[in-house]
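*Asks:* Let's see this in three dimensions:
(one chain, ligands or ions: 1)
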Amino acid sequence: MFRQAVILSLLVILANIQGNQAVDYTVTNTAGSTAGGARFAAEIGEDYSKQMSSAATDFIWRVLQQPNAEDRKAVDKVSLFIDDIDGVAAYASNNEIHFSANYIGNYSGDLKREYTGVLYHEMAHIWQWNGNRQAPGGLTEGVADFVRLKANYAPSHWVQPGQGDRWDQGYDVTARFLDYCNDLRNGFVAELNKKMRDGYSDQYFVDLLGKTVDQLWSDYKAKYAQ
Ligand SMILES: *[C@@H]1O[C@H](CO)[C@@H](O)[C@H](O)[C@H]1NC(C)=O
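*Replies:* The predicted model follows:
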C-alpha cells in the first residue's frame, strides 16, 4: 500500500516535471459508407491521424511557447471525427475536430498533405487563446493559419506575402501579416497569444511592437508594394 503510494507520487512528480500530461486522441469515421469516408480509410486512416494529432500538438505547444501544463488549456482528450458534412473542410469545437468527408472525397491534389495542413489549423484552435471570445475572429483564424504556415503545410493557393485588404481579414491574409510581425520580433505570435488568455485589445500590438496594428499593416503593405 505504502510503496504503491510512493510510486504513484513519483509518477505524478515526474509527469509534472515533464509538464507534459498526455493527451488522448480518438478518431471516429462516421462517414465510412460515403465515398469520402472510404477515401479517408484508404488514403489517410486513423493511425496516421493520431500520429499527426500528437505531432501537431507538440508543434503548437512549441510555436505558442506553452511548455508547461499551466500555460495551456486544460485539455486531456481531443476527438477527431470524419463526418458527412458540407460547406467547410473542417471545424473545431469543444475539443472535437470534425472533418468533412465530402471535402476529402472531392479533393484533387496531395490529399494527405492537405489533410495534415487542415489538421494543424484545427488543432491550433484547440490550444490557442481567443481573448475570452473578444479577439477578432480574423485574428483567431490567422493564428491558426500561422501555425499551419510555420509547420510548412501552407497550400499553394494561399495569398502571397503582402496581399489582402485588412490585417484581420483572417486565414492566409492574417497569417502572412502575423509572419511579418513575427519577423520583427521573434516569438511575437506566442506573446500575443499569451496576452489573449483573458481578453483582447489592439493595444497588444503596440505593447509588443511599439506601433499600432494599423501602422504595422501599412508598413507591411508598403514593404511589398512594388
Ligand atoms: C463531393 O461533394 C458532393 C457534395 O458535397 C458529394 O455529394 C459527393 O459525394 C462528393 N464526392 C466524393 C467522391 O466524396
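
*Asks:* OK, contacts around V206?
*Replies:* 212-213 (C-beta atoms under 8 Å, 6 or more residues apart in numbering). In this view, the C-beta of every residue, glycine as well, is placed from N, C-alpha and C.

*Asks:* Three-state assignment for it, please.
*Replies:* Three-state call for V206 (DSSP: H, G, I helix; E, B strand; the rest coil): helix.

*Asks:* Distance from the chain centre to stretch 163-171, please.
*Replies:* Distance of stretch 163-171 from the chain centroid (C-alpha atoms, centre = their mean, to the nearest Å) equals 18 Å.

*Asks:* Quote the end-to-end distance of that stretch.
*Replies:* 12 Å (C-alpha to C-alpha, to the nearest Å).

*Asks:* what sits up against that stretch?
*Replies:* With C-beta under 8 Å, 6+ apart as the test, stretch 163-171 has contacts from 136-139, 141-142, 145, 172-174, 176-177, 213-214, 216-217, 220, 224.

*Asks:* what does this protein put close to the ligand?
*Replies:* 35-36, 86, 102, 105-106 (C-beta under 6 Å from any ligand atom).

*Asks:* On the three-state scheme, the spatially most central residue of the chain is what?
*Replies:* Closest to where the C-alpha atoms of the chain average out (C-alpha atoms, centre = their mean) is A124, at 1.7 Å. Following three-state DSSP, A124 is assigned to helix.

*Asks:* name the element Q134 belongs to?
*Replies:* Using DSSP states H and E, Q134 maps to neither a helix nor a strand.

*Asks:* With the one 5 residues further on instead?
*Replies:* L139 belongs to helix 137-150 when assigned by DSSP H and E.
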